[in-house]
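[1] Pasting a predicted model and its sequence here:
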Amino acid sequence: MVNRDALPAPEHGLVLTHFLTVRDVAVSRDFYARIFDGQVVLPENPAIVRVANSWIILNPGGGPTPDKPDIVLTPPEPGDPVSAFMNVRVADIMAFYEAARAKGAAFLTEPLDRKAELRCYMRDPDGHLIEVGQATGMLRGVYADPSPSS
């Protein structure tokens, strides 16, 4: 039985969830539950994992449906350009980094100082990019340098 209070189903207003198209629902569900101490709210069809104050919805890809004609959902392929990613904010990035690595997460780099924040990136089992950051300088009015294209 599913606990309705744990579902992303507001009685008023709205909640924001993140939908990920995945190759293997069970593998992705277990990754988000393990690495982010998530609560599995619904195991499949779709899988829903509550992480802190958010929900991650995991479902395999597929072709168009009546409510999204001409849309095909696929997980990213290696080398695909990234147009969106999850951004996770933590209170203590080094503690999170070490705990997540101990649970099997692989990071692209260790946390780096970007002036406004400390941050690093990891990928989930399907290659979805996840930024993990801790606000530091921005709390004192120090921000990152503008990108060269700005």
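    Nice, thanks for sending it over.

[2] According to the record, where do the domains of this structure fall?
    1-74, 76-150 (automatic domain parsing).

[3] any chance of those domains in TSV, with mean pLDDT and mean neighbour count too?
    In short, each C-beta sits where N, CA and C put it, glycine included. Shown next, in TSV, are these (pLDDT from 0 to 100; neighbours: other CB atoms under 10 Å):
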stretch	mean pLDDT	mean neighbour count
domain 1-74	94	14
domain 76-150	94	14
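
[4] Could you find the closest non-adjacent residue to the residue minimising distance to the centre of the chain?
    When the chain is reduced to its mean C-alpha position, the nearest residue by CA atoms, centre = their mean turns out to be Met86, at 4.0 Å. Leaving out its chain neighbours, the residue that sits closest to Met86 by CB to CB, 6 or more residues apart in numbering is Ile130, at 4.7 Å.

[5] Partner strands of the host helix or strand of that neighbour and their direction?
    Element membership for Ile130, per DSSP states H and E: strand 129-135. Strand pairing for strand 129-135, determined by DSSP bridges: strand 86-89 (parallel), strand 117-123 (antiparallel).

[6] and those as a markdown table, adding distance to Asn3?
    Below are these laid out as a markdown table (distance: least, CB to CB, whole Å):
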| stretch | distance to Asn3 |
| --- | --- |
| strand 86-89 | 24 |
| strand 117-123 | 29 |
